[in-house]
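Participant: quick one: sequence plus predicted model below, questions after.
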Amino acid sequence: MKQNTFSQRAVLRNGGSGITSKKSVSLHFGIYNMSETQNIEYKSSWRDEFLRWICGFANAQGGTLYIGKDDNGNVVGVKNAKKLLEDLPNKITSFLGIVAAVNLHETEQEDYIEIVVEPQPNPVNYKGEYHFRSGSTKQELKGAALDKFLLQKYGKRWDGVPIPNVSISELKQETFEFFKEKGITSKRLSEACRKDTPEQLLNNLKLTDNGHLKRAALLLFHPDPEKFVTGAFIKIGFFRTNTHLLFQDDIHGNLFEQVEKTMEFLLTKYTKALISYKGLSRIETYEYPEYALREALLNAVAHKDYAGCTPIQISVYDDKVMIWNMGQLPENWTVDMLQEKHTSIPYNPDIANAFFRSGYVEAWGRGIEKINELCAEAGLPLPSITYNHSGCWVEFRKAVDFNSLGLNERQIDALSYFKTKGEITSSEYAERYKVTDRTARNDLSDLENKEILIKQGETKSAKYVFK
């Protein structure tokens, strides 16, 4: 690769003294063309509106804005480069209140300017607008997204915001007693807590801020938290198909009441139980492990983005239960990471702490692992977890009685063998069972017709994916 020698002059403004220093440094670099990324933006010329892009970098992970390069990173030159070198530091400081390194690069082709922006600990605005760099694009934050951003910048979470003009006397005494009983039984609270007043409990749980109740306190203990938080309830529906709703219920009240009522409805109205007896004792075996459903429900309630004003939604079918909540994974996390050992990073720390103290949840991020273990012990498929920009789905499925479907031994074995991979191709099937391609395709087409697999593609290389 061709090597080019050029000189770099850097102008740095000292934010404290306002002193400007200049220096000339000779550097030897290869010139690499890079596409725009999370941390790189190219502009062929300067306009003051590009201060919004600098604002976006400052509010995100930082980045570099190049002036005098096209969208592919090729140097096209910039007019009045030396004047910009003098003006830009002042404009950045005046409009954004931050200091950025502005460097002039003189190359054999043309000159260009590099503006290096560091991530800022405090929110940065441009004329009252808050911009944020996400991927390779800039977006202006508004509404709930802006609220969330500002809270995070100041080290707060949504559930930790204090709400004025609500007194402790308006909270539900019965819920405090329920909380204490649960916590003492699970040994997360001491026996001495029985004598604690609601005010003492709230202070110990860090649910007050300068004499005001936090949002978490209202969600956990107020008889009607929807007076303060729109959509703070749970919807359950029984579906014959995706478009055929047979019946539904809305579960209201504080979060403890919602969890208890929802579990009662799921186990007594929306799913069935096999009744058996051991001696004189009646034993109920539910279609899905009770504690697995409860753990998934608690995760949905504790990690929900309540600023989205959308209720948790539970869709029950003859063969599956789906739990959805609006929420976000921690930054840089994937769904696969949830299936591994991971730390606990609650979306609503104050709510999660109260659930922990009541014995509802653990503090070690083992919820998904426990759900998987319980389903495996019950002979059920492992629940699937899907996540997109709208929220998170957890789906429980019943075990399929393959023998009742008239499957041959190859098909039954394949459903077990390929389950962890999640898909089958006819060539893999033919190779494992030493059959012709035609037989493999016939067997897999039969599984598709019986709605066990979904075919993707139309050629011989088509994949059959587990539903």
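Facilitator: Thanks, I have the structure now. Just so it is clear, the structure is predicted and the values come from calculations on it, not from any experiment.
Participant: CA atoms for contacts and neighbours, from now on please.
Facilitator: Noted.
Participant: so what touches stretch 187-197?
Facilitator: By C-alpha atoms under 8 Å, 6 or more residues apart in numbering, the surrounding residues in contact with stretch 187-197 are 180-181, 183-184, 356-359.
Participant: check contacts around Tyr130.
Facilitator: By C-alpha under 8 Å, 6+ apart, the contact list for Tyr130 reads 55-56, 123-124, 140-142, 146.
Participant: adding neighbour count, write the residues you listed out as TSV.
Facilitator: As requested, these are exported to TSV (neighbours: other C-alpha atoms under 10 Å):
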residue	neighbour count
Cys55	30
Gly56	28
Pro123	19
Val124	26
Glu140	14
Leu141	17
Lys142	13
Leu146	16
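Participant: Lys83: which of those residues is nearest?
Facilitator: Distances from the contacts of Tyr130 to Lys83 were compared by C-alpha to C-alpha; the smallest belongs to Cys55, at 21.6 Å.
Participant: that closest one and Thr93: what is the separation?
Facilitator: Distance, Cys55 to Thr93, by C-alpha to C-alpha, to the nearest Å: 11 Å.
Participant: in stretch 422-431, which residues are buried?
Facilitator: By neighbour count, with 16 or more other C-alpha atoms under 10 Å as the criterion, the buried positions of stretch 422-431 are 423-427, 429-430.
Participant: how about the contacts made by the closest residue to Ser461 other than its chain neighbours?
Facilitator: With sequence-adjacent residues excluded and distances taken as C-alpha to C-alpha, 6 or more residues apart in numbering, Ser461 is closest to Thr425, at 6.6 Å. Remark: with contacts taken as C-alpha under 8 Å, 6+ apart, Thr425 is in contact with 461-464.
Participant: and Thr425, what's its pLDDT?
Facilitator: Each residue has a pLDDT score; the one for Thr425 is 90.
Participant: how about Asp319?
Facilitator: In this prediction Asp319 is given a pLDDT of 88.
Participant: neighbours of the nearest residue to it once chain neighbours are set aside, just the number please.
Facilitator: The shortest distance from Asp319 to any residue other than its chain neighbours is 5.4 Å, reached at Lys398 (C-alpha to C-alpha, 6+ apart). A count of nearby residues for Lys398, using other C-alpha atoms under 10 Å, gives 18.
Participant: do the one 4 residues further on as well
Facilitator: Burial of Phe402 is recorded as 14 neighbouring residues (other C-alpha under 10 Å).
Participant: ok, now Gln120?
Facilitator: For Gln120, the count of nearby residues is 17 (other C-alpha under 10 Å).
Participant: show me the contacts for the residue lying closest to it once chain neighbours are set aside.
Facilitator: Ranked by C-alpha to C-alpha, 6+ apart and with sequence neighbours excluded, the top spatial neighbour of Gln120 is Ala58, at 5.3 Å. Under the criterion of C-alpha under 8 Å, 6+ apart, the neighbours of Ala58 are 117-120, 124, 132.
Participant: can you list the domains in the protein?
Facilitator: Domain segmentation of the chain under automatic domain parsing yields 3-153, 158-227, 234-344+363-397, 402-466.
Participant: ok, back up a step: of the contacts of Thr425, just the buried ones, PyMOL syntax please.
Facilitator: One line in PyMOL is enough to select the buried members of the contacts of Thr425, burial here meaning 16+ other C-alpha under 10 Å:
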select buried, resi 463+464
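Participant: okay, the contacts of Thr425 in JSON lines with secondary structure and pLDDT next?
Facilitator: What follows is the contacts of Thr425, written out as JSON lines (DSSP: H, G, I helix; E, B strand; the rest coil; pLDDT from 0 to 100):
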{"residue": "Ser461", "secondary structure": "coil", "pLDDT": "73"}
{"residue": "Ala462", "secondary structure": "coil", "pLDDT": "84"}
{"residue": "Lys463", "secondary structure": "strand", "pLDDT": "87"}
{"residue": "Tyr464", "secondary structure": "strand", "pLDDT": "88"}
